[in-house]
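Student: how would this look folded up:
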Amino acid sequence: MLVDVDQEQLLRTVTKVTSILRASGIPFAIAGGCAVYAHGGPATEHDVDVLVTEDDAAAARQALVAEGMRAVDPPEDWLTKAYDGDRLVDLIYRPNQREVTHELLGRADERRIGPARAPVLPATDVLVDKLLVLEEHRCDFTPLLPIARALREQVDWSRVARETAASPYARAFLTLLAELGIVHARDLSGTLRAVPEGGTADVRPG
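Tutor: Residues are numbered from 1 along each chain as shown. Got it, this is the predicted structure:
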């Protein structure tokens, strides 16, 4: 069950995770809602998403447990979990069936998240992951719109379109962004054939 937690406590968990994994020499990147927050987007969610390679996942969890966190064995085969009190830490090594690689982790930027500085997944990769989560039973665009508005100038929208082209839900969301003038339709052309020519308005602060 997902539990809403205090924002300040969640940021303390980010600081703790960052300190532990750095001391352990394990490459990682902060992703998900915490990455959105680090890039200037809406306040983060109920958990801390951390990308690690599959080879490092077990060691990362062991390092967190050694510092007082509680391990959890999830049924999914693409992540492992630990709890810092009631704050969930997801150690993700295969988000949306895509392997976490050292190349991906190497693209992370050092950014401040609350009291900590941590390697944070770039905004483009954050949006790719957010859109690839969309599917038949998880297709709510409402939380994605403010994220797209807040991060739009940091995002390579043409790469987002290419990397999510196989998802009809992602294509529908990107078409909506073009219709609303949040992104340039020309950045999506060739990938989103349904985007009209009239959707080429310049991006303006919203």
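Student: from here on, just use CA atoms for contacts and neighbour counts.
Tutor: OK.
Student: and the residue nearest the centre of this structure?
Tutor: Most central residue of the chain, judged by C-alpha distance to the mean C-alpha position with Cα atoms, centre = their mean, is residue 32 at 2.8 Å.
Student: which residues sit in contact with the closest residue to that residue other than its chain neighbours?
Tutor: Sequence neighbours aside, residue 49 is the residue nearest to residue 32 in space, at 5.5 Å (criterion: Cα to Cα, 6 or more residues apart in numbering). Residue 49 is in contact with 30, 31, 32, 33, 34, 89, 90, 91, 92, counting by Cα atoms under 8 Å, 6 or more residues apart in numbering.
Student: narrow these to those in helices?
Tutor: Counted as lying in helices by DSSP state H, out of the contacts of residue 49, are 32, 33, 34.
Student: switch the residues you listed over to CSV; also include distance to residue 56 and pLDDT.
Tutor: Formatted as CSV, the ones in helices among the contacts of residue 49 follow (distance: Cα to Cα, whole Å; pLDDT from 0 to 100):
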residue, distance to residue 56, pLDDT
32, 19, 94
33, 22, 93
34, 21, 94
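Student: distance to residue 164 added to those residues, as JSON lines?
Tutor: Shown next, in JSON lines, are those (distance: Cα to Cα, whole Å):
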{"residue": "32", "distance to residue 164": "17"}
{"residue": "33", "distance to residue 164": "19"}
{"residue": "34", "distance to residue 164": "21"}
